[in-house]
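Chemist: next comes the sequence, and after it the predicted model I'd like to discuss.
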Amino acid sequence: MTMTTAGSLSVEQRGKRHRAPTAPGEGGVGAGRGFAWMLVVTGAAGLLAAWVITIDKFKLLEDPGFTPGCSLNPVVSCGSIMKSEQAAVFGFPNPMLGLVAYGMVIAIGVALLAGARFRRWYWLGLDAGTLFGVGFCMWLMQQSLYEINALCLWCCLAWVATIVMFWYVTSHNVRHGLLPAPAVVRGFLDEFTWVLPVLHVGIIGMLVLTRWWDFWTG
């Protein structure tokens with residue numbers, strides 16, 4: 001009996017040694033607490049912005065003369081943004097999309113804090129979602145600056161939150177081999193991921209500053 005058991009264990013161990021290596025993300029990939037908290041915080045910031053804009057939108061529908069609290073001057077004018085066609089590009093108020101999307105990001109962050117591990121397709125799906133989000137935010141930014149000619153502070157908060165989560169999710173996927181990238185790119189992201197969102201937000205800040213330079217300095 002002892003020899004048979006030993007022999008079966010030996011066969012099992014040899015099978016493990018010769019088993020094909022696990023593909024990236026096949027067994028599930030987790031994330032550090034810092035990354036998880038980043039998702040929770042940015043998701044909460046985006047959710048807060050979407051919630052406030054949604055409430056103000058309802059008030060504006062009830063009373064066309066309502067002035068949102070963040071309408072401070074001709075440039076920082078949330079009311080102008082809410083009344084624009086771009087504010088409901090999908091046929092319903094844009095912040096309603098944010099209520100769902102940012103809520104999902106918070107849920108993912110909390111799950112990671114609890115020790116969850118997700119497969120490669122899940123991480124790529126999150127990356128695709130944040131890519132859509134940042135692309136949509138950049139389109140809204142362009143429309144705000146050059147078509148509507150007004151800014152919404154809550155929208156700006158949502159833009160920043162989405163930019164941060166996109167770059168950190170993409171960096172996570174590259175560093176864990178879920179997205180193919182040269183070793184030099186992985187090495188850079190290991191140390192300097194923060195540079196990308198800072199640069200991205202900085203460029204937007206410069207565009208806002210130069211768009212209304214006369215107003216800010218007048």
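Modeler: Looks like it arrived, so ask away. Numbers count the residues shown, from 1 in each chain.
Chemist: how much space between residue 43 and residue 186?
Modeler: The gap separating residue 43 from residue 186 is 26 Å, by C-beta to C-beta, to the nearest Å. Quick note: C-beta positions are derived from backbone N, CA and C, even for glycine.
Chemist: please identify which of these two sits among more neighbours.
Modeler: Between residue 43 and residue 186, residue 43 has the larger neighbour count (other C-beta atoms under 10 Å), namely 23 against 16.
Chemist: ok, now which ones touch residue 150?
Modeler: Contact analysis of residue 150 by C-beta atoms under 8 Å, 6 or more residues apart in numbering lists 74, 75, 76, 77, 78, 80, 81, 144.
Chemist: do residue 167 as well
Modeler: Residue 167 neighbours (C-beta under 8 Å, 6+ apart): 193, 196, 197, 200.
Chemist: possible to save those as JSON lines with distance to residue 120 and secondary structure?
Modeler: Output for these, formatted as JSON lines (distance: C-beta to C-beta, whole Å; DSSP: H, G, I helix; E, B strand; the rest coil):
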{"residue": "193", "distance to residue 120": "20", "secondary structure": "coil"}
{"residue": "196", "distance to residue 120": "22", "secondary structure": "helix"}
{"residue": "197", "distance to residue 120": "24", "secondary structure": "helix"}
{"residue": "200", "distance to residue 120": "25", "secondary structure": "helix"}
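Chemist: isn't residue 54 up against residue 96?
Modeler: Yes: taking C-beta atoms under 8 Å as the definition, residue 54 is a contact partner of residue 96 at 6.3 Å.
Chemist: report the buried members of the contacts of residue 150.
Modeler: Taking 16 or more other C-beta atoms under 10 Å as the criterion, what is buried in the contacts of residue 150 is 76, 77, 78, 80, 81, 144.
Chemist: can you list those residues in JSON lines and add pLDDT, distance to residue 115 and secondary structure?
Modeler: Shown next, in JSON lines, are the buried ones among the contacts of residue 150 (pLDDT from 0 to 100; distance: C-beta to C-beta, whole Å; DSSP: H, G, I helix; E, B strand; the rest coil):
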{"residue": "76", "pLDDT": "90", "distance to residue 115": "42", "secondary structure": "strand"}
{"residue": "77", "pLDDT": "88", "distance to residue 115": "45", "secondary structure": "coil"}
{"residue": "78", "pLDDT": "89", "distance to residue 115": "40", "secondary structure": "helix"}
{"residue": "80", "pLDDT": "88", "distance to residue 115": "46", "secondary structure": "helix"}
{"residue": "81", "pLDDT": "90", "distance to residue 115": "40", "secondary structure": "helix"}
{"residue": "144", "pLDDT": "95", "distance to residue 115": "40", "secondary structure": "helix"}
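Chemist: closest one of the residues you listed to residue 60?
Modeler: Nearest to residue 60 among the buried ones among the contacts of residue 150: residue 78, at 9.5 Å, using C-beta to C-beta.
Chemist: I'd assumed residue 59 was in contact with the closest one.
Modeler: No: taking C-beta under 8 Å as the definition, residue 78 is not a contact partner of residue 59, at 11.3 Å.
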